[in-house]
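Peer 1: I need the structure of the sequence given here:
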Amino acid sequence: MPRLFTGLEIPVDAAFSLSLKRGGLTGARWIDPENYHITLRFIGDVDNGMADEIADNLDYLSQSLRFPVRLTHLGTFGGDKPRALYAGVEPSEALTRLQAAHERMLQRSGMPAEGRKFVPHVTLARLRGTSAADVARFIAEAGRFEPISFPVPRFVLYSSRDSVGGGPYVVEQSYPLPA
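Peer 2: Numbering: from 1, shown residues only. Model prediction:
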């Protein structure tokens, strides 16, 4: 049974820039740069028939036009018990529309609605036993976050193995966006 999600790839040069933030945070399990991505919609474990249906239906969403993405800051999920360090994505109408289209398509395919609000980001590290103060200090010491921009030429259907997270992820199918 494949575990699937849709997302946007991070170009090699942008991933390299993000990888320079790695290190110096106790309890951080750093994500390998080749596994950086922006999740559009987590799908989960599905049977092969549903996986094929989803892959086919995603073709209909590739009518969206290409758009740029801009990473603007470091942030965390988890509040007082941080569980992830991420690079945040600047809000974008095009990105929000594409993600909403994925959500609608997946619900029409019989998947339950995503219960969490869409917060576009690139996970840099999973945190365990890291205090909020340690994370705040790390972000402060990381210095100014120089924004990273890149075009989005396609979205992809990823698979992953059942693990603690952080990859490896495999591109099962890609869906080019017209210029």
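Peer 1: Residues contacting the longest strand that the chain contains, please?
Peer 2: The residue-count maximum for a strand in the chain (DSSP state E) belongs to strand 67-77. Applying C-beta atoms under 8 Å, 6 or more residues apart in numbering, the contact partners of strand 67-77 are 8, 14, 18, 21, 38, 82-90, 92, 94-95, 98, 119-122, 124, 127, 132, 135, 139, 142, 145, 147-152, 177. Just so you know, the C-beta spots here come from the backbone N, C-alpha and C atoms, and that holds for glycine as well.
Peer 1: can you do 6 Å?
Peer 2: Outside strand 67-77, the residues that touch it by C-beta atoms under 6 Å, 6 or more residues apart in numbering are 82-90, 94, 135, 139, 145, 147-152.
Peer 1: Which stretches in the protein count as helices?
Peer 2: For the chain, the helices defined by DSSP state H cover 12-19, 48-58, 93-108, 132-141.
Peer 1: Show me which residues of the last one are buried.
Peer 2: Along helix 132-141, the positions that meet the burial threshold by neighbour count (16 or more other C-beta atoms under 10 Å) are Asp134, Val135, Phe138, Ile139.
Peer 1: Report pLDDT for the residue nearest the centre of the chain.
Peer 2: Nearest to the geometric centre of the chain sits Ile38, at 2.3 Å (C-alpha atoms, centre = their mean). Ile38 is assigned 98 on the pLDDT scale.
Peer 1: Quick check: closest non-adjacent residue to it.
Peer 2: Residue nearest to Ile38 in three dimensions, not counting chain neighbours: Leu8, with 4.3 Å by C-beta to C-beta, 6 or more residues apart in numbering.
Peer 1: who touches the one you found in this structure?
Peer 2: Ile38, Val152, Phe155.
Peer 1: ok now the longest strand of the chain, how far from the chain's centre?
Peer 2: 10 Å (C-alpha atoms, centre = their mean, to the nearest Å).
Peer 1: so what strands line up beside it?
Peer 2: strand 84-89 (antiparallel), strand 148-152 (antiparallel) (DSSP bridges).
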